[in-house]
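**Student:** Please find the sequence and the predicted model below.
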Amino acid sequence: MTLLLVLILVLTAVAVGSAVYYLGGLTQQVQYVILADGRRQERSLPMFIRAVLPLTSMTPKLLQGGPWKTAAARLDRKILSSGFDSLINGRELMLCQMWLGGMGFLFGLLLGRGVHAVGLLLTVALFAYPRIWLKGALAERHRHIQRGLPYVLDLLTLCVEAGLDFMSALAKIAERRKMDPLGEELMRVFHAIRLGRTRRQALREMRDRVDLPDLTVVVNALTQADELGVSLGAILRIQADQLRTKRFQRAETLANQAPTKMLLPLVFIFVAAFIILLGPVLLQVFQRLM
């Protein structure tokens, strides 16, 4: 019995050491995405997803047909919009969910020596983690594009009104702008036009790829102006003014919501301060009464 216990402890130590070594190697690993102009930009998946991503190759026929294929296609579009399309696809993300959920369930069984509420909570949290990460990454990318779009439209307006055509103006902005999410999309549009697509096709591809309402409105306005022969400078100026107005309105809305959001934390702060200040006095009163 003692020998068996020692063997279990040794195997457990080896397993834990191997897991720590593997995760440590993942923290040192750097992932890159290839931009439209051939440059590499550092962009990494979360460590938990990278840890189980190689395991998805062990189930090549799982989640390939029926409703799973439709769900994977929807995730593919979200991953493309978030900028991680070259690192993972929708089916792999769903398999990562299954692996993480299964590992959480097994760890919960070992931790609680059976089915336990903590184990079930850990299973649900790890299963939902990839979707939560994707939602956050997509919202972050959309926020960067939304912030930079009015300034880019202003620069396009200045370049077009100064006599440059759309391609030259787009090239100058893409070259001089830092490589943020909006800069990446402008670079993709520029290279798509250079490869033979029309301006309308390249803009519509960007619209479908990013899937952001503000950008959709701008692209629709530009494509309609191109079809009707309207001046691009006037359309760009109008769209920039509208986006700037929307930005101010969103800022005012967030400012009006701030007092309501601060109410609950302030209640906890006042309760904690009350306990800290009057706690010793109340303890003394209770001790005298007892």
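**Tutor:** Perfect, thanks for sending it.

**Student:** can we go C-alpha only for contacts and neighbour counts from here?
**Tutor:** Fine.

**Student:** quick check: longest helix of the chain.
**Tutor:** What stands out as the longest helix in the chain, according to DSSP state H, is helix 232-289.

**Student:** Leaving out the residues flanking it, which one is nearest to S82?
**Tutor:** L138 (4.4 Å; C-alpha to C-alpha, 6 or more residues apart in numbering).

**Student:** Check whether the one you found sits in a helix, strand or coil.
**Tutor:** helix (DSSP: H, G, I helix; E, B strand; the rest coil).

**Student:** what about it, distance to L243?
**Tutor:** Noted for L138: a distance of 20 Å to L243, by C-alpha to C-alpha, to the nearest Å.

**Student:** just so I have it, where are all the helices in the protein?
**Tutor:** Assigned by DSSP H, the chain shows helices spanning 2-28, 47-52, 67-82, 90-112, 117-161, 166-176, 181-194, 199-210, 213-228, 232-289.

**Student:** and of those helices, who's closest to P60?
**Tutor:** For P60, the closest of these is helix 90-112, at 9.9 Å, according to C-alpha to C-alpha.

**Student:** Quickly list the domain ranges of the chain.
**Tutor:** 22-60+68-141, 144-248 (automatic domain parsing).

**Student:** could I get those as JSON lines with distance to P259?
**Tutor:** Shown next, in JSON lines, are those (distance: least, C-alpha to C-alpha, whole Å):
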{"stretch": "domain 22-60+68-141", "distance to P259": "24"}
{"stretch": "domain 144-248", "distance to P259": "18"}
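
**Student:** Mean pLDDT added to these, as CSV?
**Tutor:** Listed next are the domains of the chain as CSV, based on pLDDT from 0 to 100:
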stretch, mean pLDDT
domain 22-60+68-141, 82
domain 144-248, 86
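
**Student:** Which of those domains sits closest to I276?
**Tutor:** Here domain 22-60+68-141 is closest among the domains of the chain (C-alpha to C-alpha), at 30.8 Å.

**Student:** what about A273, neighbour count?
**Tutor:** Neighbours of A273 under the rule other C-alpha atoms under 10 Å: 12.

**Student:** What distance do you get for it to S231?
**Tutor:** 63 Å.

**Student:** repeat for T223
**Tutor:** For T223, the distance to S231 equals 12 Å [C-alpha to C-alpha].

**Student:** neighbour count winner among these two?
**Tutor:** Legend: neighbour count by other C-alpha under 10 Å for T223 and S231, higher for T223 (17 against 13).

**Student:** For the more buried one, which non-adjacent residue is spatially closest?
**Tutor:** T223's closest residue in space is R200 (C-alpha to C-alpha, 6+ apart), at 5.6 Å.

**Student:** which one of the domains of the chain lies closest to P265?
**Tutor:** domain 22-60+68-141 (23.2 Å).

**Student:** what are the bridge partners for E42, then?
**Tutor:** Under DSSP bridges, the beta-bridge partners of E42 are Y32.

**Student:** ok, back up a step: quick one: which of the domains of the chain is nearest F268?
**Tutor:** domain 22-60+68-141 (25.2 Å).

**Student:** quick check, distance from that closest one to the centre of its chain.
**Tutor:** Here domain 22-60+68-141 is found 12 Å from its chain centre; the criterion is C-alpha atoms, centre = their mean, to the nearest Å.

**Student:** Check stretch 140-159 too.
**Tutor:** 19 Å.

**Student:** Could you pull out the buried residues of it?
**Tutor:** For stretch 140-159, the neighbour count (16 or more other C-alpha atoms under 10 Å) marks 141-142, 145-146, 149-150, 152-159 as buried.
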